[in-house]
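Q: let's see this in three dimensions:
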Amino acid sequence: MHRKLTDKLNHALARALPERRLFVRSEDGTRFFRLSPLGQAIGWGGLIVFVSWAIIATAILLMDNVGSGNIRQRAAREQTLYEERLQTIAAERDARALEARAAQERFNLALQQVSEMQEALLASEDRRRELETGIGVIQATLRRTIQERDQARGSLEEMLAEARTSRQGPGIIALEKQETAETLSFLTAALDATATERDVLADSAEEARAFARNMVLEQQLRTERNEQIFRQLEDAVTVSLEPLDQMFRASGVSVEKILEEVRRGYSGQGGPLSPLVVSTMNGQPDPDAMRANAILREIDQVNLYRIAIEKLPFANPLHDSYRLTSPFGPRWGRMHSGNDMAAPTGTPVYAPADGIVSKAGWAGAYGKLIKIQHEFGYETRYGHLSAIYVKEGQRVSRGDKIGAIGSTGRSTGPHVHYEIRVNGNAVNPFKYIKAGRNVF
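A: This next block holds a predicted model:
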């Protein structure tokens with residue numbers, strides 16, 4: 001059956017591929033091989049398949065190389081744009097901080113002026129009340145004096161009538177008239193002086209009322225300006241506080257614990273800013289002071305955040321372009337406790353936070369290794385370096401260049417093995433880097 005099928009195929013292919021003989025000459029003689037039509041068809045088919053495979057594979061390799069080049073270029077462009085955006089955000093953050101400081105200074109000056117104006121207004125009110133009381137006393141005295149004058153006139157007329165009735169001597173009557181006239185002159189002069197003093201006091205009271213009205217108007221204007229200053233301060237503090245709070249929340253760090261430890265680091269005050277105390281007449285808390293203290297508390301929290309940022313590894317140890325070749329997590333049946341970040345040999349590695357170098361040298365599979373001990377139980381590690389620029393026991397700050405990427409130790413190519421450990425336990429470094437993108 002198989003033989004018949006082969007013969008049929010050879011017969012069908014004989015016209016296109018006639019049978020050929022391949023002669024091979026050697027020292028022993030000459031041999032030949034028969035190439036049947038079916039064998040030639042199989043050979044040509046295999047050759048065509050091989051050539052097609054070679055063409056397709058070459059095209060795939062070329063397309064992959066071109067695509068990889070485009071991806072790398074796009075990644076480099078995105079990295080550059082991202083760094084420019086970070087620089088812009090950092091500049092805006094610094095500008096907002098300067099504006100907040102200037103606004104705080106203006107606000108403190110405004111509060112001082114308001115306090116002085118309140119004292120002047122209270123003194124004016126006291127003087128106005130004193131003037132009103134004095135005017136009342138003068139008016140009462142004037143009424144009493146007028147009554148006494150009227151009584152004196154009545155008494156004089158009665159005395160004159162009695163003198164006429166008793167027909168006393170003209171000398172006595174003249175003497176009584178002279179005494180009465182002197183009494184009336186004295187009372188009239190006293191009344192004129194009292195009226196003059198009353199007019200002066202009335203003018204002073206009117207001036208005090210006008211001054212009080214002006215003080216009230218100026219107080220209203222200052223209140224409106226203070227409201228505008230408060231709004232600007234609150235907006236500036238909100239813009240500064242929200243990215244920092246989101247960064248800490250995104251990293252999973254215990255914000256309350258970190259801020260409490262930072263706050264304990266201050267010398268006896270619990271923070272860099274002290275609350276304002278403004279005295280009031282009735283002993284009730286001043287609304288502006290309460291609002292200002294709320295802003296100061298938020299500014300204090302921003303300052304605490306900034307101090308904590310300097311001490312926690314939120315920054316990226318690489319400022320140049322890189323590829324994440326092996327992330328944090330299980331790898332080849334084992335736990336990979338860091339991120340492998342590939343870049344050319346010699347690419348600088350920077351400290352992501354303040355700390356003290358606890359290791360700087362060779363460490364087995366890590367190759368050239370740097371360990372930095374940070375506060376709050378944090379430690380960062382940098383393995384497979386080609387160069388180390390720090391010494392053990394040296395204190396470094398965020399942004400200091402500590403080493404360069406290499407391929408020392410157990411490594412398949414130039415990269416840095418970056419670890420973050422909290423109290424000895426490895427955590428995902430990319431979580432901290434991603435959380436700090438909106439700040440750094």
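Q: output the below-cut-off pLDDT ranges for the stretch 251-400 of the chain.
A: Along the stretch 251-400 of the chain, segments meeting pLDDT under 70 span 251-255, 265-286, 288.
Q: where do the helices sit along it?
A: Ranges of helices within the stretch 251-400 of the chain are 255-264, 287-311, based on DSSP state H, counting those that start in this stretch.
Q: how distant is the first one from the center of its chain?
A: Read that as helix 255-264. Put simply, helix 255-264 sits 17 Å off its chain's centre (C-alpha atoms, centre = their mean, to the nearest Å).
Q: list the buried residues of that helix.
A: The neighbour-count check on helix 255-264 (16 or more other C-beta atoms under 10 Å) flags V255, I258, L259, V262, R263 as buried. All C-beta atoms are positioned from the backbone trio N, CA, C, and that covers glycine.
Q: now do stretch 142-149
A: Quick answer for stretch 142-149 (16+ other C-beta under 10 Å): L142, R149.
Q: also stretch 296-313?
A: Result for stretch 296-313 [16+ other C-beta under 10 Å]: buried residues 296, 298-305, 307-313.
Q: sorry, back to before: which of the helices of the stretch 251-400 of the chain sits closest to I146?
A: helix 287-311 (50.8 Å; C-beta to C-beta).
Q: run the angle between that closest one and helix 255-264 for me.
A: Interaxial angle of helix 287-311 relative to helix 255-264 (axes from the mean of the first three to the mean of the last three C-alpha atoms, to 10 degrees): 100 degrees.
Q: other SSEs contacting helix 287-311?
A: In this structure, helix 287-311 makes packing contacts with helix 37-166, helix 170-251, helix 255-264, judged by 3 or more C-beta pairs under 8 Å, 6 or more residues apart in numbering; DSSP states H and E.
Q: can you list those in TSV and add distance to D340?
A: What follows is the helices and strands packed on helix 287-311, written out as TSV (distance: least, C-beta to C-beta, whole Å):
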stretch	distance to D340
helix 37-166	16
helix 170-251	21
helix 255-264	28
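Q: compare the ones you listed and give me the one nearest P348.
A: Nearest to P348, of the helices and strands packed on helix 287-311 and by C-beta to C-beta, is helix 37-166 at 14.2 Å.
Q: helices or strands next to the closest one in the packing?
A: helix 2-13, helix 170-251, helix 287-311.
Q: quick one, domains of the protein?
A: Under automatic domain parsing, the residue ranges defining each domain of the chain are 253-311, 316-435.
Q: and H417, how many neighbours?
A: Neighbourhood size, H417 [other C-beta atoms under 10 Å]: 23.
Q: what do you get for P327?
A: 14.
Q: phi and psi next, for it.
A: phi -80, psi 180 (degrees, to the nearest 10).
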